[in-house]
Each structure stands twice: as C-alpha cells, then as structure tokens.
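S.K.: predicted model and sequence follow; I will ask about them next.
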Amino acid sequence: MSIAPILQLGDDALASQFQLTFPAGIPGGAGAGGDIVALRIDQPVDVPMESVGEYEYYYKGIKITKTNMTDETDKHLDVQVRLDQQWAVFDAIKAWKDIVHNPRNGTRLAWALINAPILLEALDGSGAVVKRIKIANAVLKSFKITSFEAGSADPSRLELQFVFSSLDYE
C-alpha cells in the first residue's frame, strides 16, 4: 500500500493555532477587559460537544434507541486565564461576576446587560481565521483563583466557567 494518498492530503489544523476573543468586550464596565482576558489564555479550551436527546422503546424484546428533538448540548465553557501582576484581569472578571450576581448584597443586573458573545477562532499557518465558533449569550457563572504554591514557577491563574445559550460554527 502506498502512502501517496496520505501525503496528498492538505495540511492539518493545528490545535495550538487558536484565539479566543470577546468582540463586544466583557460586561461590567471593565472597558478593554475582553482583550486583557483573551490575551492571557494559554491553556486548552475544550469546545462543548453538540448533542441531541434520545428515547428508547421496546418491540418484541428488542430495545430500539432513537434521537428526539431535544438539544442536550452541555451549555458550559471552562477557560483558564493567567493573572497579571497588577491583577487587572481579576478586577475585570470580578466586576463581571458582581453584575451577574453580587453575593454581598444579593443583587444582579438584567440578562441583556450581563451576557456577551465569545468567539473561538481556529487559525491557519498564516494567522488567518479559517473557522469561527460563536458562543452566544455567554455569562460568567463562576471564577476561582488557582492554588498558590510556594515552589511553583508557573503563573497564577483564574479558572472561569461560563454558561451560554447556543454555539454555532461559522
């Protein structure tokens, strides 16, 4: 068997060539917060699996499984972000979380004011966007400062979890 057909395939998409952006910025009055957050993402971003619901029925002792019309896509996106030494990333994320829900005074703003689109863009070798995954109506659900460690040479990070309404491939 010849490997010629394999060698004639186009270049592979590289997992490391991506960017995550907040095209409308992040809610909460953080201004350029979208850029300072997006530029500090250096860990894997796992796109949620699209999934449809299913149901089962039995006929003469045989189990039959079919898909239904229910979207069962997990509507969570987890992202890790490096913290900067002045903690501007933390301040921007905290401002967003405080308008989603402020646990100190029990307040929140309207949905229209707390959601933002997120774009995950796959790039080719020259940096051009070849596929865009649009995550619509993303809201910051939770954030956590990763553990401090006295002997670590790695940067401190924030773990962010977003909920969203839909994802689409453009």
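M.R.: That came through fine. Residues are numbered from 1 along each chain as shown.
S.K.: neighbours of residue 77, just the number please.
M.R.: 21 (other C-beta atoms under 10 Å). Every residue, glycine included, has its C-beta placed from N, CA and C.
S.K.: tell me the secondary structure for it?
M.R.: At residue 77, secondary structure determined by DSSP: H, G, I helix; E, B strand; the rest coil is strand.
S.K.: partners of it in the sheet?
M.R.: In this entry, residue 77 is beta-bridged to residue 162, by DSSP bridges.
S.K.: from residue 9, how far off is it?
M.R.: 31 Å (C-beta to C-beta, to the nearest Å).
S.K.: which neighbours in the sheet does the strand ranked longest in the chain have, and how are they oriented?
M.R.: If you go by DSSP state E, the chain has its longest strand at strand 129-145. Strands that pair with strand 129-145, judged by DSSP bridges, come out as strand 116-123 (antiparallel), strand 157-163 (antiparallel), strand 166-169 (antiparallel).
S.K.: outside of the last one itself, list whatever touches it.
M.R.: The contact list for strand 166-169 (C-beta atoms under 8 Å, 6 or more residues apart in numbering) reads 47, 48, 50, 73, 131, 132, 133, 134, 135, 136, 137.
S.K.: and the first one, what is it in contact with?
M.R.: Right, residue 47. So residue 47 contacts 77, 120, 133, 167 (C-beta under 8 Å, 6+ apart).
S.K.: ok, the first one touching residue 118?
M.R.: Translated: residue 77. Yes. Look at residue 77 against residue 118 with C-beta atoms under 8 Å: they come within range, at 7.1 Å.
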